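K.L.:
quick one: sequence plus predicted model below, questions after.
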Amino acid sequence: RAGPVSAGPGSMLTGISTPVRLTTYKVVESLGGEFIEFNIEAATMATVPTLAQPEIRIINGQAVTSSLAVADYFIKRHADVIRKIESLECSTLFRQRNFAFTSISINQPNGGTRKLPCYQITRDGFAFLAMGFTGKRAAQFKEAYINAFNQMEKQLSIPSVLSDAAHNASVLYSYISSIHQVWLQQLYPMLEKAESPLAVSLYDRINDAVALASLINMTLNRSEVRGRK
């Protein structure tokens, strides 16, 4: 919950759940009393709770937000954000690449759902849209949104690292499986016939290696393993 704004001189407005320090004011005579005119934006910043983190998701390998998330974060009506998007003076190609029209399901009090039209917005689309959001509070929110996009886009490199690990796990399992087949069909029978102690000592180790390689491969390549079943 936001508290009083400490920066700059001002007076305290009371009688509401959250005290607000007025950053700018002027006093005028009105029926023998004082009328305080204050900066509306400063009051809004102190009384309206800020969302902790902008909503950014990775969809089809791209970091995007939604018009609904933008409306919630900037404390605007979703219909107004939709109208703003649809009235942007950008090229058709830019609009197609950065504003994808879609819909989301909203839970209803009666237990049903309804479809709500909205847009998926890329980083570039958000930057273009947010140009029209002015004021100190809007500037702070835009900075937070851009930082959130930066953090999410950094995570896009993680899947490629996992993909390399998954490939290596698949290759390793293939090699060990081949060795295991040779062990079972040729080496183990030969060592056992010769009564070699290696037949016993290597048996568990090779079987354990195959089991471990199989487990790692199944963990990193779930879809591939499912497809072979």
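P.N.:
Done, it's in. Residues are numbered from 1 along each chain as shown.

K.L.:
where's residue 138, which helix or strand?
P.N.:
Here residue 138 sits within helix 136-155, counting by DSSP states H and E.

K.L.:
so after that helix, what's the next helix or strand?
P.N.:
helix 158-182.

K.L.:
helices or strands up against that next one?
P.N.:
helix 198-220 (3 or more CB pairs under 8 Å, 6 or more residues apart in numbering; DSSP states H and E). Bear in mind the C-beta positions are built from the backbone N, C-alpha and C, glycine included.

K.L.:
I'd like the average pLDDT over the helix it packs on.
P.N.:
Averaging pLDDT along helix 198-220 gives 87.

K.L.:
just give me how far that helix sits from the chain centre.
P.N.:
Helix 198-220 sits 38 Å away from the centroid of its parent chain (CA atoms, centre = their mean, to the nearest Å).

K.L.:
do stretch 93-113 as well
P.N.:
For stretch 93-113, the distance to the chain centre is 17 Å (CA atoms, centre = their mean).

K.L.:
ok, stretch 178-190 next?
P.N.:
For stretch 178-190 - counting by CA atoms, centre = their mean - the centre lies 49 Å from the chain centre.

K.L.:
picking up where we left off before, packing partners of the helix holding residue 138?
P.N.:
Secondary elements touching helix 136-155 (3+ CB pairs under 8 Å, 6+ apart): helix 40-47, strand 57-59, strand 62-66, helix 67-73, helix 123-130.

K.L.:
out of the ones you listed, which comes closest to residue 94?
P.N.:
helix 123-130 (7.4 Å; CB to CB).

K.L.:
who are the packing partners of the closest one?
P.N.:
For helix 123-130, the elements it packs on are helix 78-86, helix 92-98, helix 136-155, judged by 3+ CB pairs under 8 Å, 6+ apart.

K.L.:
of all the residues in the shortest one, which ones are buried?
P.N.:
For helix 92-98, the neighbour count (16 or more other CB atoms under 10 Å) marks 95, 98 as buried.
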